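**Q** turn this into a model:
(one chain, ligands or ions: 1)
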Amino acid sequence: MSLAALLDSLPIPILQAPMVGASLDELTVAVSEAGGMGTLAAGALAPAEIGPTIGAVRARTSRPFGVNLLMAPKAEPEAGEVDAALARLAPWYAELGIAPPETPNQFAPDFDAQFDALVAAAPPVASFTFAILTPAQVKRLQAAGTYVVGTATTAAEARAWAEAGADGICAQGFEAGGHRGHFLGDIDGSLVGTMALVATIRAAVDLPVIAAGGIMEGRGVAAGLALGAAAVQMGTAFLLSDEATTSTPWRRAAAAATDDPTRLTRAFTGRYARGIENRFMRLMHGVQDDVPAYPVQNRLTQPLRAAAAKADDPEMLSLWAGQAVRLARPGRAGDMIRSWWAEAAEVAEGLAVRTRRGQETE
Ligand SMILES: Cc1cc2nc3c(=O)[nH]c(=O)nc-3n(C[C@H](O)[C@H](O)[C@H](O)COP(=O)(O)O)c2cc1C
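**A** Sure, this is the predicted structure:
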């Protein structure tokens, strides 16, 4: 088998995007069971949690699923950087009535240990974001029976993954919610829209491409496949699903989203990510270049965001969402993918009629 064959064999070529903070095994299982492919967001899991969580998914579905890891760099804050960052956050913590955290010993789970746990669990598919595996790491996963997907935001990043031996590319367009996955260029050079990105990556590498970013319903699914993607990956479209773990204020903000509510920000985590703009993003905008790089700032704002969610306050937590969040709808994830696929079929039928008519009149 190949990854291309696996994607082609899915009854519905819709992948649920891994979403740290908004998805766990429940959503993964629901999407895989309905005929798409769920992806477990394992980026924030401790290495020891990865095997059991993958085991829990396996126990509930025999269908293919993926697991995603975030390749956080080793945190090496400069002297005084953490103190300065905490001082900047102090008024926000004070507003919520809690003390800022002490300087943590660890800023993110150890990637190498997470990777070992992933290889040992050998899920059908593994995807990676924020950096690139070495060819030896890719081979280790493939030898364990796992297909490797690399997230790319430019054609150059897709080429780099192809050279590392990956089985497929997730093309993450500018529209996408959550963190940007760029790892070669700077942010400005890595903001390519899904339509341009899928087409250029298709032309750059001979690997199956998964289209991600701004796909919200059947029309987007059909568009991604028409561009040559082997499957599409949707995140924001699942934020309001019953199985997502989206917090109550986040859900409310997504459900009430207006036309163009999202912005990119570095202020919450030290890495650019797209979310619905709120007071924290607005007021921190001017200093976002000064905050420590991911994962340091991410760790330092974690208690703030958790407390804000608990206090039902959408203004101080990260409301990650893609540009088309206004189209998000509630429902059961399985029903959603089945109706998107039916809608994609209708769209394809309509296009077939239209293109035939165009040719007949030539
Ligand atoms: C709330 C949220 C969390 C996300 N977390 C992750 C993650 O843990 N790993 C990852 O590779 N991508 C993550 N993403 C990005 C998705 O993989 C995908 O690129 C994006 O959802 C596609 O665009 P869309 O949101 O417009 O569908 C996240 C996206 C959202 C909305």
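**Q** hey, where'd the strands end up in the stretch 51-200 of the chain?
**A** Assigned by DSSP state E, counting those that start in this stretch, the stretch 51-200 of the chain shows strands spanning 66-70, 125-129, 147-152, 168-172, 178-179.
**Q** looking at those strands, which is buried most?
**A** strand 168-172 (a mean of 30; mean count of other Cβ atoms under 10 Å). Just so you know, the C-beta spots here come from the backbone N, C-alpha and C atoms, and that holds for glycine as well.
**Q** residues contacting W340?
**A** For W340, the contact set (Cβ atoms under 8 Å, 6 or more residues apart in numbering) comprises I12, I14, E217, G218, V221, A237.
**Q** count the neighbours of the closest residue to I50 other than its chain neighbours for me.
**A** Leaving aside its chain neighbours, I50 sits nearest to A117 (3.9 Å; criterion: Cβ to Cβ, 6 or more residues apart in numbering). A117: 23 surrounding residues under other Cβ atoms under 10 Å.
**Q** which one is G165 nearest to, not counting chain neighbours?
**A** Using Cβ to Cβ, 6+ apart, the closest residue to G165 is V138 (4.2 Å).
**Q** list the contacts for that neighbour?
**A** Applying Cβ under 8 Å, 6+ apart, we find V138 in contact with V148, A164, G165, A166.
**Q** of the residues you listed, which pair is most distant in space?
**A** V148 and A164 (8.4 Å; Cβ to Cβ).
**Q** for those two, list the residues in contact with both.
**A** When contacts are counted by Cβ under 8 Å, 6+ apart, V148 and A164 are jointly contacted by L133, V138.
**Q** so who does the residue nearest to T103 when sequence neighbours are not counted touch?
**A** Nearest non-adjacent residue to T103, counting by Cβ to Cβ, 6+ apart: V82, 5.0 Å away. Taking Cβ under 8 Å, 6+ apart, we find V82 in contact with T103, P292, V296, L300.
**Q** buried among these? Need that as a selection in ChimeraX.
**A** Buried subset of these, written as a ChimeraX selection, criterion 16 or more other Cβ atoms under 10 Å:
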select :292,296,300
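**Q** the stretch 51-200 of the chain: helices as residue ranges?
**A** Taking DSSP state H, counting those that start in this stretch, the helices of the stretch 51-200 of the chain run over residues 81-96, 111-121, 135-143, 155-164, 194-204.
**Q** among these, which is nearest R252?
**A** helix 81-96 (18.0 Å).
**Q** for the record, mean pLDDT for that closest one?
**A** Helix 81-96 shows a mean pLDDT of 97.
**Q** can you check stretch 119-138 too?
**A** 98.
**Q** is it up against the ligand anywhere?
**A** Yes - Stretch 119-138 comes into contact with the ligand (Cβ under 6 Å from any ligand atom), by way of T129.
**Q** tell me the buried residues in that stretch?
**A** Taking 16+ other Cβ under 10 Å as the criterion, stretch 119-138 shows 119, 121, 123-133, 137-138 as buried.
**Q** likewise stretch 101-120?
**A** Those would be P101, F107, A108, P109, F111, Q114, F115, A117, L118, V119, for stretch 101-120 by 16+ other Cβ under 10 Å.
**Q** so what touches that stretch?
**A** 42-48, 50-51, 54, 67, 69-72, 75, 77, 82-83, 86, 126, 137, 140-141, 144, 146, 295-296, 298-300, 302-303.
**Q** make a PyMOL selection of whichever of those residues turn out to be buried.
**A** This is how PyMOL selects the buried members of the contacts of stretch 101-120, with burial counted by 16+ other Cβ under 10 Å:
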select buried, resi 42+43+44+45+47+50+54+67+69+70+71+72+75+77+82+126+137+140+141+146+295+296+298+299+300+302+303
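**Q** tell me, what's the model's pLDDT at the residue of the stretch 101-250 of the chain found nearest the ligand?
**A** At 2.1 Å from the ligand, G235 is the closest residue in the stretch 101-250 of the chain, using Cβ to the nearest ligand atom. G235 is assigned 98 on the pLDDT scale.
**Q** so how many other residues sit close to it?
**A** 27.
**Q** V353 and G220, how far apart?
**A** Noted for V353: a distance of 20 Å to G220, by Cβ to Cβ, to the nearest Å.
**Q** next one: T28
**A** From T28 over to G220 (counting by Cβ to Cβ), the distance is 21 Å.
**Q** tell me which of these two has more neighbours.
**A** Legend: neighbour count by other Cβ under 10 Å for T28 and G220, higher for T28 (29 against 24).
**Q** residue contacts, that one?
**A** Going by Cβ under 8 Å, 6+ apart, T28 touches Q16, G38, T39, L40, V57, F65.
**Q** all helices of the stretch 201-350 of the chain, in order?
**A** Ranges of helices in the stretch 201-350 of the chain, per DSSP H, counting those that start in this stretch, are 218-226, 248-255, 279-284, 296-310, 333-360.
**Q** what's in contact with stretch 160-169?
**A** Taking Cβ under 8 Å, 6+ apart as the rule, stretch 160-169 contacts 2-4, 7, 132-135, 138-139, 142, 147-152, 158, 184, 201, 204-210, 230.
**Q** 6 Å instead?
**A** The contact list for stretch 160-169 (Cβ atoms under 6 Å, 6 or more residues apart in numbering) reads 3, 132-133, 135, 138, 147-150, 152, 158, 201, 205, 207-209.
**Q** quick check: end-to-end length of that stretch?
**A** One end of stretch 160-169 sits 10 Å from the other (Cα to Cα, to the nearest Å).
**Q** if you count neighbours, what's buried in it?
**A** A160, W161, A162, A164, G165, A166, D167, G168, I169.
**Q** ok, the nearest residue to the last one once chain neighbours are set aside to D259 distance?
**A** Leaving aside its sequence neighbours, I169 sits nearest to A158 (Cβ to Cβ, 6+ apart; 4.7 Å). A158 is 31 Å from D259, where distance means Cβ to Cβ.
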